[in-house]
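Colleague: what follows is a predicted protein model with its sequence.
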Amino acid sequence: MQYLVEQGTLDELSEIEQQIPEFDNPKSKDTIVARLQNRRSLLLVAKVDGKPVAYKLGYEKSTQHFYSWLGAVIPEYRGSGIAQSLLNEQERWCLEQGYEFISVKSMNKFKSMLMMLLKNNYHIVACNPVNGGTDSKIKFLKQFE
């Protein structure tokens with residue numbers, strides 16, 4: 001499958017989020033804009049034949065720390081390497097901008113995300129039970145060398 005990764009728009013992110021069955025409560029544009037206000041950020045979108053199919057959004061927490069906040073791939077496009085390409089491009093950009101480390105949080109229920117992060121040398125730095133202990137929020141950190 002051929003796809004293109006480029007900087008995207010909030011409209012494209014919203015279009016993708018509406019197609020992610022695991023997201024019970026997709027983030028509104030207002031919520032995203034409020035979180036990103038006065039912060040350096042990067043929104044990457046992957047497209048297949050011009051159609052947005054995946055995104056990765058992060059922002060600066062400090063001059064050394066970039067936080068990878070949101071990301072998703074529409075189900076029928078999963079397993080094609082798109083998430084890995086988005087991760088690679090985000091890391092490349094972070095290194096270019098001079099960040100020393102990147103962090104991300106995920107949930108135990110998103111197994112493929114956890115495996116991708118571990119495979120890419122992200123380290124688990126915290127794990128907290130959520131939803132009455134039926135799931136866990138896991139924080140990962142990757143130090144750039």
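Modeller: Done, it's in.
Colleague: output stretch 85-96 in PDB, but only the C-alpha positions, please.
Modeller: Extracted as PDB, the C-alpha positions of stretch 85-96 are listed here (Å, rounded to 0.1, in the frame of the first residue of the first chain):
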ATOM      1  CA  SER A  85       6.100   5.700   9.600                       C
ATOM      2  CA  LEU A  86       4.300   8.300  11.600                       C
ATOM      3  CA  LEU A  87       6.400   7.500  14.600                       C
ATOM      4  CA  ASN A  88       9.600   7.600  12.600                       C
ATOM      5  CA  GLU A  89       8.700  11.000  11.100                       C
ATOM      6  CA  GLN A  90       7.800  12.400  14.500                       C
ATOM      7  CA  GLU A  91      11.100  11.300  16.000                       C
ATOM      8  CA  ARG A  92      13.000  12.700  13.000                       C
ATOM      9  CA  TRP A  93      11.300  16.100  13.400                       C
ATOM     10  CA  CYS A  94      11.900  16.000  17.200                       C
ATOM     11  CA  LEU A  95      15.600  15.400  16.800                       C
ATOM     12  CA  GLU A  96      15.800  18.100  14.200                       C
END
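Colleague: buried residues of that stretch, list them for me.
Modeller: Using 16 or more other C-beta atoms under 10 Å as the burial criterion, the residues of stretch 85-96 that qualify are 85-87, 89-91, 94. Every C-beta, even on glycine, is put in place using the N, C-alpha and C of the backbone.
Colleague: which one among these gets closest to Val130?
Modeller: Comparing those against Val130 with C-beta to C-beta places Leu87 closest, at 23.6 Å.
Colleague: for that closest one, which non-adjacent residue is spatially closest?
Modeller: Distances taken as C-beta to C-beta, 6 or more residues apart in numbering put Asn120 closest to Leu87, at 6.3 Å, once the chain neighbours are dropped.
Colleague: show me which helix runs longest in this protein.
Modeller: Longest helix of the chain, by residue count under DSSP state H: helix 82-97.
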